[in-house]
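**Q** generate a structure from the sequence data that follows.
(4 chains)
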Number of protein chains: 2
Amino acid sequence: MLPGVSVYTPGQVVEETGFSLDTLRYYERIGLLEPIGRNAAGQRRFTQADVGWLGTIRCLRDTGMPIAEMLRFAELVREGDHTIRDRIALLEAHDRRVEAQVDNLREKQTVVQNKISYYRAVVD
Amino acid sequence: MLPGVSVYTPGQVVEETGFSLDTLRYYERIGLLEPIGRNAAGQRRFTQADVGWLGTIRCLRDTGMPIAEMLRFAELVREGDHTIRDRIALLEAHDRRVEAQVDNLREKQTVVQNKISYYRAVVD
DNA sequence: GCTTGACCTGGAGTGGGCTCCAGGTGGGAT
DNA sequence: ATCCCACCTGGAGCCCACTCCAGGTCAAGC
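**A** Predicted coordinates for the structure are as follows:
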């Protein structure tokens, strides 16, 4: 590796991203990550770009995007700049789903809170 | 059934609650629903109370409570009024998790939105 | 020079939450 | 009367997203 280019060991990436080592390998296997570079001993060495991409993955996962759709997104990214409009469309659709998810969560949360209030009134 | 007591056929409950018939049967099997009453032919007839309870289930499910915990809650409800404090505790803990969930979702959503903005800037 | 520990592989196993199936019954509309 | 459709049961199957395992390699520290 070139000096000055920061690389990360698997352990460091686990630390940084919160994904387990098995999950990282799994993501690479299914093609959500491109093949990760290796050192002489065959051990993974992640680049800054890999870690950045994993950050994106983390956001999408945490907001409930299924793996199949993240794969689709990964594919678009690989295909280059002419897919940017498609990526926008994909992310916008996702954003709307997240919005709906938050709304539903909030709505159901108030029901839960009302139930708590009701129980409090009974108990006091 | 007594006249004036409203009962629901499985199909009506599916309609009302949005749970599939299979899911309703599954919930009964695992004890999340108490044994549902039957007509002469052995078909389920849900009471108003059953449907109300399913509404609670729907809220808890939609806010991400695992089935095991809903079972615990169902157990508390069955045990009677002396468990109300426990139910409050359970629901409050859940409420806090929902809050955290919403916060996380919102935070990750802004990242997604920033990504969209970035792509927009590239494309325009 | 030996141990420890981080890492490797391919493949099997897990857990949660349903969902489907085969084979059968009963009741309401035509 | 007959058809169809909603419903029944026990049990198997499915999907998703990991997670674990056995058996092996290398590097560094004691």
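
**Q** neighbours of the nearest residue to A:Val123 once chain neighbours are set aside, how many?
**A** Excluding the flanking residues, the one nearest A:Val123 by CB to CB, 6 or more residues apart in numbering or on different chains is B:Ile84, at 5.1 Å. Just so you know, the C-beta spots here come from the backbone N, C-alpha and C atoms, and that holds for glycine as well. By other CB atoms under 10 Å in any protein chain shown, 17 other residues sit near B:Ile84.

**Q** the helix ranked longest in chain A: which residues count as buried?
**A** In chain A, taking DSSP state H as the definition, the longest helix is helix A:84-123. Within helix A:84-123, the residues that qualify as buried by neighbour count (16 or more other CB atoms under 10 Å in any protein chain shown) are A:84, A:87-88, A:90-91, A:94-95, A:98, A:101-102, A:105, A:108-109, A:111-112, A:115-116, A:119.

**Q** for stretch A:30-48, same thing?
**A** Of the residues in stretch A:30-48, those buried (16+ other CB under 10 Å) are A:Leu32, A:Leu33, A:Ile36, A:Arg44, A:Arg45, A:Phe46.

**Q** save these as TSV, and put in secondary structure and pLDDT too.
**A** Output for the buried residues of stretch A:30-48, formatted as TSV (DSSP: H, G, I helix; E, B strand; the rest coil; pLDDT from 0 to 100):
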residue	secondary structure	pLDDT
A:Leu32	coil	98
A:Leu33	coil	97
A:Ile36	coil	96
A:Arg44	strand	96
A:Arg45	coil	95
A:Phe46	strand	96
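
**Q** which among the residues you listed gets closest to chain B?
**A** A:Leu32 (16.7 Å; CB to the nearest CB).
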